[in-house]
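Novice: Starting from these lines, generate the structure:
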Amino acid sequence: MAASTSRFSTSFPSTLPSKKSLPANLGFSFSSLPFNNNNNNNNNNNSNLLSVKSSGTANYDVVVDEEMDKIRRLQNGSDVRGVALEGEKGRTVDLTPPAVEAIAESFGEWVISGIEKERGNPVETVRVSLGKDPRVSGAKLSVAVFAGLARAGCIVYDMGLATTPACFMSTLLPPFAFDASIMMTASHLPYTRNGLKFFTKRGGLTSPEVEEICDKAARKYANRMTKVSTLLNTPPTRVDFMSVYAKHLREIIKERVNHPLHYDTPLKGFQIIVNAGNGSGGFFTWDVLDKLGADTFGSLHLNPDGMFPNHIPNPEDKTAMALTRAAVLDNSADLGIVFDTDVDRSGVVDNKGNPINGDKLIALMSAIVLRENPGSTIVTDARTSMALAKFITDRGGQHCLYRVGYRNVIDKGVQLNKDGIETHLMMETSGHGALKENHFLDDGAYMVVKIIIEMVRMKLAGSEDGIGSLIEDLDEPLESVELRINIISEPRLAKAKGSEAIEAFRNYIEEGRLKGWELDSCGDCWVSEGCLVDTNDNPAAIDAHMYRAKLSDERNGEHGWVHMRQSIHNPNIAVNLQSNVHGGCWSMARAFRDEFLKASGVDKFLDISQIDKFAESGRVA
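Specialist: Residues are numbered from 1 along each chain as shown. Purely as a prediction, here's the structure:
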């Protein structure tokens, strides 16, 4: 079969051919593709691997379940992620060029179909861009993306090294304004991983939309006789969009600071440290801060390196924050910035060396947003502290506690605005944060832009305090712990097993089997069942099950919570505990293990060793 042909359509007789009569060049080995011959009574073990569906004629579509599952398992909520390189113990490569090509082609077809429905007529020109972080697998997989998009009929553009927010902005900012964009990244995950994020002019795709695309891609992938990616006949057009995006950020800072003495260099006199973690964020140093007059001496790991040799590029990473803190203090800098790999998340360090991420970053952004938009609702995920809720309400804001997952949090904010409730900020504790004023886009660089503008305004108003002074009254939880439970099952069954365990958790609480435990809810918002399910007219699709329970006793009253959630990234369950009493997390972990995990029997298919170690020692392994 020619390399340029990777889809096939054929007719089979009413009886499938024997192995001997099949051509040798179909691209499947019989060890991985056992046929179900109806004339053979010893074929029960293979019956689920091949199904033949009749369309009422002699034509049949051959669908191999396991081949399809390979693609479907790559879906990661609203993204696609997988292992692109060998090197992880116990993990095999599943994000292959043929898989990526099928997904890119299905996305291209999905985009074209959507535009045609919107316009009411066929379209000839659909333009799609691709950006990528510096991962070493990016070059090989980029070819597959371009091939898939071209196969779908799209005109493709190569943005090269880019950021996730820039890919979305490439669909809006002139002179580019592409119809859609793909970002190739796996965020802060190891160098062996990679993935795809999808955008149209209306924003990032939702989980159901990505599921639809992956389902179509799975059928393509399973039915193709060759798994060799199509060669590109015409190379994509290279474009320099990052310069346009950087200029866009510079103009925002200049206009909103409106410096009375030096409008074009409003950051003159400020020293700002950037830690790009060897990801895509170095541009912010030389193409934004330097050009606005800032001193960026002392910045760290600006050179893109897909092996990420210095530390995990993640604002939640302790090493990343510690190195940035040291650089800020050593240089007496005004601000430190930490970006994740693809710059859709960020964290900062104030001029006193205080790391600001997690709840503190949400509080800082809330303080800024509520000054500009009094009374606004702030949406956060269900892992934020009780103290953060008080911080927001003390400043006149409304706090909507919602489901974990950055797309969930952002989509909730979009829905609230549609329902007439002013919601200007949506943030997850991981550092994902979106603003209504910025197209509801989770953009780590834009978050930092907001913080820098506030820092300069404070200085112009005569304040000598750093940005950290805005959250001095935020109380931190006395104890906070995250533990993981691995699901012991075949990969294809892991999601169902995780849901089973989490629903058992809900049932145990509702039935009163855990004394003092009560499913948490969100007060006045249209959210119930442990910050899980929308009960308004437009309920959001559930991508992963989760519940939060609040704990009370006679001595301490309400003193903490336990949040149990299914991971959409890996076959495991995350358990977060917070308490405002000494030993509270330890006590909750013991009750969670003894009175739920073991009592319910879910420990039979869960690896609870990390829970065991913490329950016994009070220390995280």
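Novice: alpha carbons only for contacts and neighbour counts from here, please
Specialist: OK.
Novice: any idea which helix or strand of this protein has the worst average confidence?
Specialist: strand 51-54 (a mean of 35; mean pLDDT, DSSP states H and E).
Novice: And the contacts of stretch 127-138?
Specialist: Identification of contacts with stretch 127-138 by Cα atoms under 8 Å, 6 or more residues apart in numbering yields 84-85, 108, 142, 149, 154-164, 167, 170, 178-185, 191-192, 194, 279-280, 304-307, 341-342.
Novice: Against Phe146, how distant is Leu232?
Specialist: 7 Å (Cα to Cα, to the nearest Å).
Novice: ok, these two, which is more surrounded?
Specialist: Comparing Leu232 with Phe146 by other Cα atoms under 10 Å, the one with more neighbours is Phe146, at 29 against 15.
Novice: part of a helix, is the more buried one?
Specialist: Yes - applying DSSP: H, G, I helix; E, B strand; the rest coil, one finds Phe146 inside a helix.
Novice: Counting only helices, which of the contacts of stretch 127-138 make the cut?
Specialist: Cross-referencing the contacts of stretch 127-138 against helices under DSSP state H gives Gly108, Ser142, Leu149, Thr164, Cys167.
Novice: Tell me which residues touch the residue nearest to His259 when sequence neighbours are not counted, please.
Specialist: Residue nearest to His259 in three dimensions, not counting chain neighbours: Pro266, with 5.7 Å by Cα to Cα, 6 or more residues apart in numbering. For Pro266, the contact set (Cα under 8 Å, 6+ apart) comprises Ile253, Lys254, Val257, Asn258, His259, Leu292, Gly293, Val456.
Novice: State the distance from Pro266 to Ile451.
Specialist: The spacing between Pro266 and Ile451, counted by Cα to Cα, is 14 Å.
Novice: and if you look at Glu554?
Specialist: The spacing between Glu554 and Ile451, counted by Cα to Cα, is 43 Å.
Novice: the more surrounded of these two?
Specialist: Applying other Cα under 10 Å to Glu554 and Ile451 shows that Ile451 carries more neighbours, namely 18 against 7.
Novice: Okay, buried residues for the strand or helix carrying the more buried one please.
Specialist: Under the criterion of DSSP states H and E, Ile451 resides in helix 444-460. By neighbour count, and taking 16 or more other Cα atoms under 10 Å as the criterion, the buried residues in helix 444-460 are 444-457.
Novice: Pipe those residues into JSON lines and attach distance to Glu558 and pLDDT per row.
Specialist: Below are the buried residues of helix 444-460 laid out as JSON lines (distance: Cα to Cα, whole Å; pLDDT from 0 to 100):
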{"residue": "Gly444", "distance to Glu558": "35", "pLDDT": "97"}
{"residue": "Ala445", "distance to Glu558": "38", "pLDDT": "98"}
{"residue": "Tyr446", "distance to Glu558": "37", "pLDDT": "98"}
{"residue": "Met447", "distance to Glu558": "34", "pLDDT": "98"}
{"residue": "Val448", "distance to Glu558": "35", "pLDDT": "98"}
{"residue": "Val449", "distance to Glu558": "38", "pLDDT": "98"}
{"residue": "Lys450", "distance to Glu558": "35", "pLDDT": "98"}
{"residue": "Ile451", "distance to Glu558": "34", "pLDDT": "98"}
{"residue": "Ile452", "distance to Glu558": "38", "pLDDT": "98"}
{"residue": "Ile453", "distance to Glu558": "39", "pLDDT": "98"}
{"residue": "Glu454", "distance to Glu558": "36", "pLDDT": "98"}
{"residue": "Met455", "distance to Glu558": "37", "pLDDT": "98"}
{"residue": "Val456", "distance to Glu558": "41", "pLDDT": "98"}
{"residue": "Arg457", "distance to Glu558": "40", "pLDDT": "97"}
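Novice: Widest-spaced pair of those residues?
Specialist: Spanning the widest gap among the buried residues of helix 444-460 are Gly444 and Arg457, at 20.2 Å by Cα to Cα.
Novice: any chance you could map the strands in the stretch 51-200 of the chain?
Specialist: For the stretch 51-200 of the chain, the strands defined by DSSP state E, counting those that start in this stretch occupy 51-54, 60-63, 75-76, 79-83, 127-132, 155-161, 180-184, 193-200.
Novice: now the last one and strand 180-184, what's the angle there?
Specialist: Our comparison of strand 193-200 with strand 180-184, counting by axes from the mean of the first three to the mean of the last three Cα atoms, to 10 degrees, yields an angle of 170 degrees.
Novice: which element follows strand 193-200 toward the C-terminus?
Specialist: Sequence-wise, the next helix or strand beyond strand 193-200 is strand 203-204, with elements assigned using DSSP H and E.
Novice: Can you name the residues in contact with that next one?
Specialist: In contact with strand 203-204 (Cα under 8 Å, 6+ apart) are residues Ser78, Phe168, Lys197, Phe198, His439, Phe440, Leu441.
Novice: how close does the closest residue in space to Gly82 that isn't next to it in sequence get to Lys70?
Specialist: Distances taken as Cα to Cα, 6+ apart place Leu95 nearest to Gly82, at 4.9 Å, with adjacent residues excluded. Shown here: Leu95 relative to Lys70, a distance of 9 Å by Cα to Cα.
Novice: Looking at the two, which has the bigger crowd around it?
Specialist: Of the pair Leu95 and Lys70, Leu95 is the one with more neighbours under other Cα under 10 Å, namely 22 against 17.
Novice: Which other helices and strands does the helix holding Ile451 contact?
Specialist: Helix 444-460 is packed against helix 242-257, strand 335-339, strand 346-349, helix 359-372, strand 433-435, with contacts defined by 3 or more Cα pairs under 8 Å, 6 or more residues apart in numbering; DSSP states H and E.
Novice: Just want the angle from it to helix 242-257.
Specialist: Using the same axes, to 10 degrees: helix 444-460 against helix 242-257 is 30 degrees.
Novice: how about stretch 214-224 as PDB, C-alpha atoms only?
Specialist: Included here for stretch 214-224 are C-alpha records, laid out as PDB according to Å, rounded to 0.1, in the frame of the first residue of the first chain:
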ATOM      1  CA  CYS A 214     -11.400  11.400  19.800                       C
ATOM      2  CA  ASP A 215     -14.200   9.100  19.000                       C
ATOM      3  CA  LYS A 216     -14.100  10.000  15.300                       C
ATOM      4  CA  ALA A 217     -10.300   9.700  15.400                       C
ATOM      5  CA  ALA A 218     -10.500   6.200  17.000                       C
ATOM      6  CA  ARG A 219     -12.600   5.000  14.100                       C
ATOM      7  CA  LYS A 220     -10.100   6.400  11.600                       C
ATOM      8  CA  TYR A 221      -7.200   4.900  13.500                       C
ATOM      9  CA  ALA A 222      -8.800   1.400  13.900                       C
ATOM     10  CA  ASN A 223      -9.900   1.100  10.300                       C
ATOM     11  CA  ARG A 224      -6.600   2.300   8.600                       C
END
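Novice: Is it correct that Ile356 is in contact with Val338?
Specialist: No - between Ile356 and Val338 there is no contact under Cα atoms under 8 Å: 9.9 Å.
Novice: anything in contact with each of these two?
Specialist: With Cα under 8 Å, 6+ apart as the test, Ile356 and Val338 both reach Gly347, Val348.
Novice: okay, the two: which has more neighbours?
Specialist: For Ile356 versus Val338, neighbours defined as other Cα under 10 Å are more numerous around Val338 (34 against 25).
Novice: quick one on the thing from earlier: tell me which of the ones in helices among the contacts of stretch 127-138 is nearest to Glu500?
Specialist: Proximity of the ones in helices among the contacts of stretch 127-138 to Glu500 (Cα to Cα) peaks at Thr164, which lies at 34.0 Å.
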